[in-house]
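**Q** Quick one, fold the following:
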Amino acid sequence: MLVVKQLRKIASKVVSVLIVSCTFCSGCVSIPEQVKLRHGVDVSAGGGSSYIVTTPGATYYLDKEGGGLSSMIDNDGVDWIGFHNEKGSGWKGEYRGFPNAIHKQDGSYFHAMNAGTDSSSSVIDIESEEHVRIVFTSGNGKWEGRWDFYSDRCDFTMSKVSEGYKYWVLYEGVPGGEMNDTDFWYSGMNDKRHLINESLNADLPGPEWIAFGDIEAPRMLYLLNQEDDQALDEYVSRPYMTVLGFGRSNKDKFLTNPKTFSIGFVESTKYAEIEKTIRELLN
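**A** Numbering: from 1, shown residues only. Presented below is the predicted three-dimensional model:
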């Protein structure tokens, strides 16, 4: 069984690398030294049109119609989101993404495009070697989401909130490329390593963050709410993906104001290194 599992991991990495290579050029992709924006499709997600942002630490696929991340690929070619738009795939594909913020209330926006997502429009505000900014406006004109890509991370800001409505910010993905018993998580509550099936339902202490890892991976993916608040936060595992929600509890939404959230990789699995990265980001 271990050999089979290892072969699956290797196959996942090879496929991810090939997808990135085919999207960018006919040859191999080298790790960029800056932030670079390209236009293409996310083959692994079902072929949706995407903004493709390459950085030294990650490659992000941002769905041009839905306004959410469909893939986030590390330097080993592993996708930590694993979205696919096949209707009915549920936890295995169509539910995955980031930030999946507006769901069945005043529309469904800022999710990679699936059968239940409403479309948004977008403009590129900044494009430089240090910073790419893309702003999405919901189809009803009442929500605005701003994406800022830097060399070390991606920030999502809910910059306009529809009056009278609430939202959450979710990471629904696959640590290390596949949801399994080798996955784990840390949070800002303490330095305990939690099994991936351990749940959380509480207001995270400031700074509010959670990081996901796989014992077979040399890095972790972190998510950060840049401004401490009093809203409940929740993590629950599903058979095929994580469900981390800032401002979420029992499928209720609690966020009402514009806020910024960060997602990125830390090239370590040590708690102290992750905590250091978070605090440096906020300073």
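**Q** Quick check: buried residues in stretch 219-239?
**A** Of all the residues in stretch 219-239, those buried under the rule 16 or more other CB atoms under 10 Å are 219-226, 229, 231-235, 237. Where C-beta positions appear, they are placed from N, C-alpha and C, glycine not excepted.
**Q** swap in stretch 269-277?
**A** Of the residues in stretch 269-277, 269, 271, 274-275, 277 count as buried by neighbour count, 16+ other CB under 10 Å.
**Q** Just the closest of those residues to K192, please.
**A** Nearest to K192 among the buried residues of stretch 269-277, counting by CB to CB, is Y271 at 8.7 Å.
**Q** Tell me the spacing between the closest one and Y186.
**A** 5 Å (CB to CB, to the nearest Å).
**Q** Over to V123?
**A** For V123, the distance to Y186 - CB to CB - is 36 Å.
**Q** out of those two, which sits in the busier spot?
**A** With neighbours defined as other CB atoms under 10 Å, V123 and Y186 compare such that Y186 has more, 22 against 9.
**Q** For the residue nearest to the more buried one when sequence neighbours are not counted, pull up the helix or strand it's in.
**A** Among residues not flanking Y186 along the chain, A211 sits closest, at 4.9 Å (CB to CB, 6 or more residues apart in numbering). Using DSSP states H and E, A211 sits in strand 208-214.
**Q** what's in contact with that strand?
**A** 80, 171, 173, 175-177, 180, 182-188, 196, 200, 204, 219-225, 228-229, 233, 235, 242, 244, 246, 266, 269, 274, 278 (CB atoms under 8 Å, 6 or more residues apart in numbering).
**Q** Keep only those of the residues you listed that are in strands.
**A** Judged by DSSP state E, the subset of these located in strands is 171, 183-187, 200, 220-225, 233, 235, 242, 244, 246, 266.
**Q** starting at the chain centroid, how far to stretch 242-252?
**A** Going by CA atoms, centre = their mean, to the nearest Å, the spacing between the C-alpha centre of stretch 242-252 and its chain's C-alpha centre is 14 Å.
**Q** who touches that stretch?
**A** By CB under 8 Å, 6+ apart, stretch 242-252 touches 166-175, 179, 196, 201, 204, 208, 210, 212, 223, 225, 229, 231-237, 253-255, 261.
**Q** gap between L282 and P175?
**A** 23 Å.
**Q** now K192
**A** 17 Å.
**Q** Looking only at neighbour counts, state which of these two leads.
**A** P175 (24 against 11).
**Q** So for that one, what's the pLDDT?
**A** If you check P175, the pLDDT there is 98.
**Q** That one and I196 touch, don't they?
**A** Yes. Between P175 and I196 there is a contact under CB atoms under 8 Å: 7.1 Å.
**Q** Mutual contacts of the two, please.
**A** Common neighbours of P175 and I196 (CB under 8 Å, 6+ apart) are 183-185, 212, 242.
**Q** Tell me the one among those residues nearest to S162.
**A** Nearest to S162 among the shared contacts of P175 and I196, with distances taken as CB to CB, is T242, at 26.7 Å.
**Q** So that closest one versus A112, what's the distance?
**A** Distance from T242 to A112, by CB to CB: 16 Å.
**Q** between the two, who's got more neighbours?
**A** Each of T242 and A112 has its neighbours counted (other CB under 10 Å); A112 has more, 32 against 27.
**Q** What about the closest residue to that one other than its chain neighbours, how many residues nearby?
**A** Spatial nearest neighbour of A112, chain neighbours left out: S70 (3.8 Å); criterion: CB to CB, 6+ apart. S70: 30 surrounding residues under other CB under 10 Å.
**Q** Make 41 the starting number, not 1.
**A** Noted, 41 is the first residue going forward, which turns the last one into S110.
**Q** helix or strand right after the one helix or strand S110 maps to?
**A** Under the criterion of DSSP H and E, S110 resides in strand 109-113. Next in sequence after strand 109-113, counting helices and strands by DSSP H and E, comes strand 160-167.
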